[in-house]
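Participant: fold the following and give me the result.
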Amino acid sequence: MKTTTRNRTATTAAGALAVLLAVSGCSGSAGSSTAGQPPVPPTAASDAPAGGGASAPASPGAAGGAADPAAWAKWNLKPLPAAPAAPADKPVKLTKTGTVPVIDHIQTTDKVVFITIDDGAEKDPKFVQMLTDLKIPITMFLTKDIIKNDYGYFKPLQALGNSIQNHTVTHPVMSKLTGDKQKSEICEDQSTLTQEYGTAPFLFRPPFGDGAHTPTLNQSVQQCGPRAIVLWKETMQIHDMQYQGAKTLQPGDIILAHFRGPSELKGETMTQMFGELVSRIQEQGFAVARLDDYIQAPG
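Facilitator: Sure thing, here's the model as predicted:
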């Protein structure tokens, strides 16, 4: 619901942020199902093989590593390899109706990974400049009560070609909510993000990855508009990544990071944390591609 006064808005946003930070971000057990509820089986969409046809032209800013060498030097970073052109035949094809797939990686032989950044708590202008300079693509999963004090911050990032996706209104533990309350969280964020940024999100990420494989959450997502639930394989901390399974990056891995600043990063800034992430990716010889370029949204 919309608040009626500036003070109430600020209080609500601050409360949501306090709860979010108290539980250490979104990086819970991304692959776990809620006890007592059977997991939703994977769908063909998330496991479809990469197409072998001709590649389409890369979308604006899609080739992480295409920045001028001086830009990398400005941020004290070594250049990333340039990402390949977006595949003409998308590895993941989403449907308009039915069960939504749960995705934590993309099936591809391209040596690429995908960076996703959650919630929107830190709004560092230098990070906008960093992405403008380096042309590294990201996907943003934004939480209404955390971003509503400054919707405008994310518009320059969106203008670089980075999509904005659904991450609930208040960042709750979804499995503790009834189906109706889950829908309220997802549908309100969906309508707000659509209104503010002009495009309806087609991806959803549950806070902490909680409930991702449960039928109740799957139904709630279906009724609000997104057509896939997106998890992750690695979580960026401050200086390095926490891995699930393999201890190295694999082609098609989705990486989770957060909009965070010095108070949460032990004095490090958002740009320093992101620079560490880029360095870890560069050290393993991967390019960064745009997640949207490998997922075909419903027609």
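
Participant: residue 247: what's it in contact with?
Facilitator: With contacts defined as C-beta atoms under 8 Å, 6 or more residues apart in numbering, residue 247 has no neighbours. Just so you know, the C-beta spots here come from the backbone N, C-alpha and C atoms, and that holds for glycine as well.

Participant: quick one: residue 199 from residue 132, how far?
Facilitator: As defined by C-beta to C-beta, to the nearest Å, residue 199 lies at a distance of 20 Å from residue 132.

Participant: of those two, which one has the most company?
Facilitator: Set residue 199 next to residue 132 and count neighbours by other C-beta atoms under 10 Å: residue 132 wins out with 15 against 12.

Participant: quick one: the more buried one from residue 138, how far?
Facilitator: Taking C-beta to C-beta, one finds residue 132 at 12 Å from residue 138.

Participant: swap in residue 213?
Facilitator: Taken as C-beta to C-beta, the span from residue 213 to residue 138 is 25 Å.

Participant: same deal with residue 180?
Facilitator: Residue 180 is 32 Å from residue 138, by C-beta to C-beta.

Participant: in terms of neighbours, single out the busier of those two.
Facilitator: residue 138 (23 against 9).

Participant: run through the stretch 51-200 of the chain and note the low-pLDDT ranges.
Facilitator: 51-66 (pLDDT under 70).

Participant: so what's the residue nearest in space to the middle of the chain up against?
Facilitator: Among the residues of the chain, the one closest to the centroid is residue 116, at 3.3 Å (C-alpha atoms, centre = their mean). Counting by C-beta under 8 Å, 6+ apart, residue 116 touches 138, 139, 140, 141, 205, 230, 232, 254, 255, 256, 257, 291.

Participant: name the SS class of the third one, please.
Facilitator: Per DSSP: H, G, I helix; E, B strand; the rest coil, the secondary structure class of residue 140 is strand.

Participant: re earlier: Throw the contacts of residue 116 into TSV and include distance to residue 77, thanks.
Facilitator: Formatted as TSV, the contacts of residue 116 follow (distance: C-beta to C-beta, whole Å):
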residue	distance to residue 77
138	15
139	20
140	21
141	24
205	27
230	26
232	22
254	21
255	16
256	20
257	16
291	21
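
Participant: just the closest of these to residue 93, please.
Facilitator: Nearest to residue 93 among the contacts of residue 116 is residue 291, at 14.2 Å by C-beta to C-beta.

Participant: burial measure for the closest one, as a count.
Facilitator: Residue 291: 24 neighbours (other C-beta under 10 Å).

Participant: I'd say it and residue 139 touch.
Facilitator: Yes. Taking contacts as C-beta atoms under 8 Å, residue 291 lies within contact range of residue 139: 4.6 Å.

Participant: identify the contacts common to those two.
Facilitator: 114, 116, 163, 203, 230.

Participant: export those residues to CSV and tack on secondary structure and distance to residue 152?
Facilitator: Output for those, formatted as CSV (DSSP: H, G, I helix; E, B strand; the rest coil; distance: C-beta to C-beta, whole Å):
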residue, secondary structure, distance to residue 152
114, strand, 25
116, strand, 21
163, coil, 17
203, coil, 22
230, strand, 25
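
Participant: closest one of these to residue 238?
Facilitator: For the shared contacts of residue 291 and residue 139, the nearest to residue 238 is residue 116 (17.4 Å; C-beta to C-beta).

Participant: got the CA coordinates for stretch 162-174 in PDB?
Facilitator: Extracted in PDB, the C-alpha atoms of stretch 162-174 (Å, rounded to 0.1, in the frame of the first residue of the first chain):
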ATOM      1  CA  ASN A 162      20.500  -3.600 -17.700                       C
ATOM      2  CA  SER A 163      17.000  -5.000 -16.900                       C
ATOM      3  CA  ILE A 164      15.100  -4.600 -13.700                       C
ATOM      4  CA  GLN A 165      13.500  -7.700 -12.200                       C
ATOM      5  CA  ASN A 166      11.200  -8.600  -9.300                       C
ATOM      6  CA  HIS A 167      12.500  -9.100  -5.700                       C
ATOM      7  CA  THR A 168       9.300  -8.500  -3.600                       C
ATOM      8  CA  VAL A 169       8.100  -5.400  -1.700                       C
ATOM      9  CA  THR A 170       9.600  -6.000   1.800                       C
ATOM     10  CA  HIS A 171      12.100  -8.800   1.400                       C
ATOM     11  CA  PRO A 172      10.400 -11.400   3.500                       C
ATOM     12  CA  VAL A 173      11.100 -15.100   4.000                       C
ATOM     13  CA  MET A 174       8.500 -16.300   1.500                       C
END
